[in-house]
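Asker: make a model of this:
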Amino acid sequence: MQPLEVAIVGGGPAGAYCGFELSKKGIMPTILNDSHLGGKPCGGGISPTLLKRFPFVEKFRENGFTFGEVRIISCLDTQVITNTFENGFCISRKCLDQGILDMAEGNGTKIIKEKAVAITKKENAWVIKTNKRTLAAKVVVGADGVNSVVRRETVGPITAENLNLTFGYLTSKLDKEDATIKFLEEIPGYIWVFPGKGYSNIGVGSELTFGKMLKKLLDGFIKSFFPKTKILSRYSALLPSATNPNFFGLPCAGKNWVLIGDAAGHVDPISGEGILYALWDGKIAAQSIAEDCPESFDKAWRAEFGQTLVDRCKAKNDYYDPLRSAISIFKGLANKSYSWPTT
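Answerer: Take a look at the predicted model:
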């Protein structure tokens, strides 16, 4: 079996962008992407920070919904309007993920529409078992999400304390001024309302241990604030959300492997923003692999944004403390300076 030079397991933003960047450098990787996946179920928020660092994402704006002002509601139902999101937008992850995959494929990346179900180390290569065949690769990139088979085989799965659960609905279209973030009093987390193009996304996220409460809290919120909205479909998903700063000390690369995006646990512990870090990881990983030194990825990502993730993790409990969050919004009402936390 002739091994692939680079196999990227997972075709979300991290894996697809890594493939795109590698192919730009003359290395033609193979992406294993389950054709049945329709994009990660999440809010799909594209922040101004992301657009500044990766301006190519701007071309997807026409398929999404552009933010203006956003209503922030404290756990005590105090409300403030912020323009922190201004010029950002939200988009269907199916649309975004496929768009970046098309970029990679257009540059020469090979896409195999199969799911990797297991991976094992054999001498100096990796043996990857898909739902249809067995492949081998010299270098493997784990971009296969929070339940990554690559992570499981290299550093072990993400522990429950560092996981969040989201639950949400796609609903009938809401108006632009309905864009909302609502902090929760009962548990650490928040509800979001993102009006979309022809639909809206209303969801809630919190630590995995509070998972059983999410539907009830979200349904109560919708009944109170958007009683006339029609639910079209529902979704739920796990995502990384570190509560222990030591989590970011775990290795994300070795001699012939790299973990990126959700598989690496690179998600903002406060806001839940993951697309920014997925793209950032993809770019750094491609550079490390092109330099024939995949293990250098670990030093590179920590130098560029590692301390930010650690600091956000340390601030997480205070940020979601009901009293502190309410005081923050009261201050924002007084001096009109309130802003949603962005990186």
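Asker: so what's Ala137 up against?
Answerer: Ala137 makes contacts with 3-7, 30, 125-126, 128, as judged by CB atoms under 8 Å, 6 or more residues apart in numbering. Glycine gets a C-beta too; all of them are placed from N, C-alpha and C.
Asker: and the residues you listed, which of them are buried?
Answerer: With burial judged by 16 or more other CB atoms under 10 Å, the buried subset of these is 3-4, 6-7, 30, 125-126, 128.
Asker: may I ask which two of those are separated the most?
Answerer: Checked with CB to CB, those reach their widest spread between Thr30 and Ala125, with 13.7 Å between them.
Asker: reformat the contacts of Ala137 as CSV; add pLDDT.
Answerer: CSV is the format used below for these (pLDDT from 0 to 100):
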residue, pLDDT
Pro3, 89
Leu4, 93
Glu5, 96
Val6, 98
Ala7, 98
Thr30, 98
Ala125, 91
Trp126, 97
Ile128, 97
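Asker: tell me the one of those residues nearest Lys110?
Answerer: The closest of the contacts of Ala137, once distances to Lys110 are taken by CB to CB, is Thr30, at 4.5 Å.
Asker: got phi/psi on the residue nearest to that closest one when sequence neighbours are not counted?
Answerer: Once flanking residues are discounted, Thr30 sits nearest to Lys110: 4.5 Å by CB to CB, 6 or more residues apart in numbering. Backbone geometry at Lys110, expressed as degrees, to the nearest 10, gives phi -90, psi 130.
Asker: and Lys110, what is it in contact with?
Answerer: By CB under 8 Å, 6+ apart, the neighbours of Lys110 are 28-31.
Asker: quick one, helices of the stretch 51-200 of the chain?
Answerer: For the stretch 51-200 of the chain, applying DSSP state H, counting those that start in this stretch gives helices covering 93-106, 149-154.
Asker: so what touches the longest one?
Answerer: For helix 93-106, the external contacting residues (CB under 8 Å, 6+ apart) are 11-13, 16-17, 19-20, 23, 31, 33, 38-42, 44, 46, 56-57, 59-60, 63-64, 111, 275.
Asker: list the buried residues in stretch 219-233.
Answerer: For stretch 219-233, using 16+ other CB under 10 Å, the buried residues are 221-222, 225-226, 229.
Asker: and the residues you listed, which is closest to Ile81?
Answerer: Phe225 (15.1 Å).
Asker: I'd like to know which of the contacts of helix 93-106 are part of helices.
Answerer: Using DSSP state H, the members of the contacts of helix 93-106 that fall within helices are 13, 16-17, 19-20, 23, 275.
Asker: out of those residues, who has the most neighbours?
Answerer: When neighbours are counted as other CB atoms under 10 Å, the busiest of the ones in helices among the contacts of helix 93-106 turns out to be Gly19, with 33 neighbours.
Asker: so it sits right up against Ile8, yeah?
Answerer: Yes: using CB atoms under 8 Å as the test, Gly19 is close enough to Ile8 to be in contact (5.5 Å).
Asker: any residues in contact with both of the two?
Answerer: The contact lists of Gly19 and Ile8 share 29, 31, where a contact means CB under 8 Å, 6+ apart.
Asker: still on that earlier bit, quick one: the ones in helices among the contacts of helix 93-106 as JSON lines, columns for pLDDT and distance to Cys75 too.
Answerer: Written out in JSON lines, the entries for the ones in helices among the contacts of helix 93-106 read as follows (pLDDT from 0 to 100; distance: CB to CB, whole Å):
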{"residue": "Pro13", "pLDDT": "96", "distance to Cys75": "31"}
{"residue": "Ala16", "pLDDT": "97", "distance to Cys75": "37"}
{"residue": "Tyr17", "pLDDT": "98", "distance to Cys75": "36"}
{"residue": "Gly19", "pLDDT": "98", "distance to Cys75": "42"}
{"residue": "Phe20", "pLDDT": "98", "distance to Cys75": "41"}
{"residue": "Ser23", "pLDDT": "97", "distance to Cys75": "47"}
{"residue": "Ile275", "pLDDT": "95", "distance to Cys75": "26"}
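Asker: in these, find the pair that's most separated.
Answerer: Taking every pair in the ones in helices among the contacts of helix 93-106 and measuring CB to CB, the maximum separation is 20.4 Å, between Ser23 and Ile275.
Asker: nice, that's everything, thank you.
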